[in-house]
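In: give me a 3D structure for the following:
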Amino acid sequence: MSKRFNRRSRRAVIPLAAVSALVAGAGLTGCGQQRDASVYTVLNSSTDETYHRWDAEAMARCGERLGVGIEQQSVPAAQVMTKALRMASSKSLPDIVQFDASEMPTFAEAGGLVDLRTLGLSTADVPQGIVNFGSYKGTYYGAARSVNTLALFYNKDLLDQAGLKVPTTWAELRETAKQLTRGKRYGLALSAGGAEDGVFQFTPFMWSNGGDETRLDGPGVVEALDYWKSLLKDGSLSKSTVGWTQADVNDQFMAGNAAMMINGPWQVETLNTKKSLHWGIARIPVPEAGGKSVGPLGGAVLTVPNTGDEQRERTAGKIVACLSSEQEQLTYALNSWMVPANEKAAAVWRQRVPELDALADQVAAARSRTAKLGAGWSSVSLALQSAFQSALTGESSQAALKRAQQRATSGNRGTRP
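Out: Sure thing, here's the model as predicted:
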């Protein structure tokens, strides 16, 4: 996710009812504004100069192949949904919208997206987990060019100096973090901030421990939050953890204030700017040896809004197919350090960046946050964010998560798939 993805945490949470009303009231059948027949627009969050340039180059290549012009409109990630809704209400939706995959179900639930399979897109070389990542209620609405997840990053020099191995279990991680905590340096850094960053980072601990987002006060979730609390009690985590974003975590790791961190491949570009920092990555430790490390799938998906103009929608589908083709995925992934969604492209990617091989293994077992709750995920996320703040500042995990479950259930009424 690099620089532009460090902002995952500040997305606007818009109630499903409000989205449905805006999309339904937009009268999507028929065009509101005159469009240039030969120019297609893509709304995305590529505000970072490098990503904007990479996307522009990919769009130029695809435009040349298809004989059309393709222009991108880039806004901060937190504004993509609100921008799309404003454009829907004025009947000026772009031809393609790149949504964060966790937001896509909300727009799909409101009837605002076209089934990509009806536009000719194939998922033959896409793993089922990634197909699910771009689907809602079994319908394939979003094509991913690349995906990401979380991993354990560690400072090789610090572990070697301490004579420590890379931890693979919770017990090993706790003990290793304790031994690496010295002076102003913490053994581990992670984001437990009251925003989506913290929830994204909690899911590997929750899911790998058998916890489930449909029951936030279940034993697997409570134990996972208790584990976070134990790291904080040990002094292995900074008390500032409750306010850190993933970008903050990376800053601490690069500054030598943390020996290990939980983070994603979007940080690699920045990590590589510090030549004296020798880092490695591994799967996130699991509760017991031999367990499966299940992380969250992250990333964005390309969608085709329901504009009512079937001819433009078909061409938009061809543009999405081109942008998510094997070669374009590989080019994008090598630029951004993400993992290609296409299996064939991912195999080549592994050979090209062997230092990130563990990340590809983690992706293979990763899950979509919205797989079970769809548009209801936003209520769960907000409830967990509140629970982190309470539990990590003194309240019991059981009490905080019991309240979170009540809040999530209330917020998800009528929104579960």
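In: who touches the lengthiest helix in the chain?
Out: Using DSSP state H, we find that the single longest helix of the chain is helix 49-66. Contact partners of helix 49-66, identified using C-beta atoms under 8 Å, 6 or more residues apart in numbering, comprise 2-4, 40, 42, 44, 46, 69-72, 74, 315, 318-319, 322-323, 328, 331-332, 335-336. For every residue, glycine as well, the C-beta is placed using N, CA and C.
In: where in this structure is pLDDT low?
Out: Scanning the chain for pLDDT under 70 picks out the ranges 1-34, 194, 411-417.
In: surely residue 98 meets residue 42?
Out: Yes: counting by C-beta atoms under 8 Å, residue 42 is a contact partner of residue 98 at 6.7 Å.
In: which one of these two has more residues nearby?
Out: residue 98 (27 against 24; other C-beta atoms under 10 Å).
In: and stretch 394-409, which residues are buried?
Out: Judged by neighbour count (16 or more other C-beta atoms under 10 Å), stretch 394-409 contains these buried residues: 397, 400-401, 403-405, 407-409.
In: those residues into JSON lines, with extra columns for secondary structure and distance to residue 226?
Out: Below are the buried residues of stretch 394-409 laid out as JSON lines (DSSP: H, G, I helix; E, B strand; the rest coil; distance: C-beta to C-beta, whole Å):
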{"residue": "397", "secondary structure": "helix", "distance to residue 226": "5"}
{"residue": "400", "secondary structure": "helix", "distance to residue 226": "11"}
{"residue": "401", "secondary structure": "helix", "distance to residue 226": "10"}
{"residue": "403", "secondary structure": "helix", "distance to residue 226": "16"}
{"residue": "404", "secondary structure": "helix", "distance to residue 226": "14"}
{"residue": "405", "secondary structure": "helix", "distance to residue 226": "16"}
{"residue": "407", "secondary structure": "helix", "distance to residue 226": "20"}
{"residue": "408", "secondary structure": "helix", "distance to residue 226": "19"}
{"residue": "409", "secondary structure": "helix", "distance to residue 226": "22"}
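In: between those, which is nearest residue 92?
Out: residue 408 (34.8 Å; C-beta to C-beta).
In: what about that closest one, distance to residue 100?
Out: 20 Å (C-beta to C-beta, to the nearest Å).
In: likewise residue 108?
Out: 13 Å.
In: those two: who's more crowded?
Out: Taking neighbours as other C-beta under 10 Å, residue 108 and residue 100 compare with residue 108 leading, 26 against 20.
In: for that one, what are its contacts?
Out: 136-137, 139, 141, 303, 375.
In: next: residue 206.
Out: 212-213, 220-221, 224.
In: just those residues now: which is nearest residue 168?
Out: For the contacts of residue 206, the nearest to residue 168 is residue 224 (16.8 Å; C-beta to C-beta).
In: PyMOL command to pick out the buried ones of the contacts of residue 108?
Out: This is how PyMOL selects the buried members of those, with burial counted by 16+ other C-beta under 10 Å:
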select buried, resi 136+141+303+375
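In: could you dump the contacts of residue 108 into JSON lines and include secondary structure and distance to residue 190?
Out: Formatted as JSON lines, the contacts of residue 108 follow (three-state DSSP; distance: C-beta to C-beta, whole Å):
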{"residue": "136", "secondary structure": "strand", "distance to residue 190": "30"}
{"residue": "137", "secondary structure": "coil", "distance to residue 190": "33"}
{"residue": "139", "secondary structure": "strand", "distance to residue 190": "35"}
{"residue": "141", "secondary structure": "coil", "distance to residue 190": "31"}
{"residue": "303", "secondary structure": "strand", "distance to residue 190": "31"}
{"residue": "375", "secondary structure": "helix", "distance to residue 190": "27"}
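In: residues in contact with residue 133?
Out: By C-beta under 8 Å, 6+ apart, the contact set of residue 133 is 101, 142, 144, 147, 297, 299, 301, 368, 371.
In: what of residue 287?
Out: By C-beta under 8 Å, 6+ apart, the contact set of residue 287 is 169-170, 208-209, 223.
In: so which of the contacts of residue 206 belong to helices?
Out: If you go by DSSP H, those have 220-221, 224 in helices.
In: can you check those and name whichever has the most neighbours?
Out: residue 221 (27 neighbours).
In: so what's that one up against?
Out: Residue 221 touches 206, 209, 211-212, 215, 401, counting by C-beta under 8 Å, 6+ apart.
In: how about a cut-off of 6 Å?
Out: 206, 211, 401 (C-beta atoms under 6 Å, 6 or more residues apart in numbering).
In: reformat those residues as TSV; add distance to residue 189.
Out: Formatted as TSV, the contacts of residue 221 follow (distance: C-beta to C-beta, whole Å):
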residue	distance to residue 189
206	19
211	22
401	23
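In: which among those gets closest to residue 285?
Out: Using C-beta to C-beta, the contacts of residue 221 come closest to residue 285 at residue 206, 13.7 Å.
In: secondary structure class for the closest one?
Out: Here residue 206 is recorded as helix under DSSP: H, G, I helix; E, B strand; the rest coil.
In: from residue 99, how far out is it?
Out: Applying C-beta to C-beta, the value for residue 206 to residue 99 is 24 Å.
In: how about residue 406?
Out: For residue 406 relative to residue 99 (C-beta to C-beta), the value is 29 Å.
In: can you pull out the helices in the stretch 251-400 of the chain?
Out: 268-271, 310-323, 326-336, 343-352, 357-364, 377-391, 397-411 (DSSP state H, counting those that start in this stretch).
In: roughly how far apart are the nearest residue to residue 212 once chain neighbours are set aside and residue 174?
Out: For residue 212, ignoring the flanking residues on the chain, the nearest one in space by C-beta to C-beta, 6 or more residues apart in numbering is residue 218 at 6.1 Å. Per C-beta to C-beta, residue 218 is found 22 Å from residue 174.
In: want to try JSON lines for the contacts of residue 108, with distance to residue 51 as columns?
Out: Shown next, in JSON lines, are these (distance: C-beta to C-beta, whole Å):
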{"residue": "136", "distance to residue 51": "25"}
{"residue": "137", "distance to residue 51": "30"}
{"residue": "139", "distance to residue 51": "28"}
{"residue": "141", "distance to residue 51": "22"}
{"residue": "303", "distance to residue 51": "18"}
{"residue": "375", "distance to residue 51": "27"}
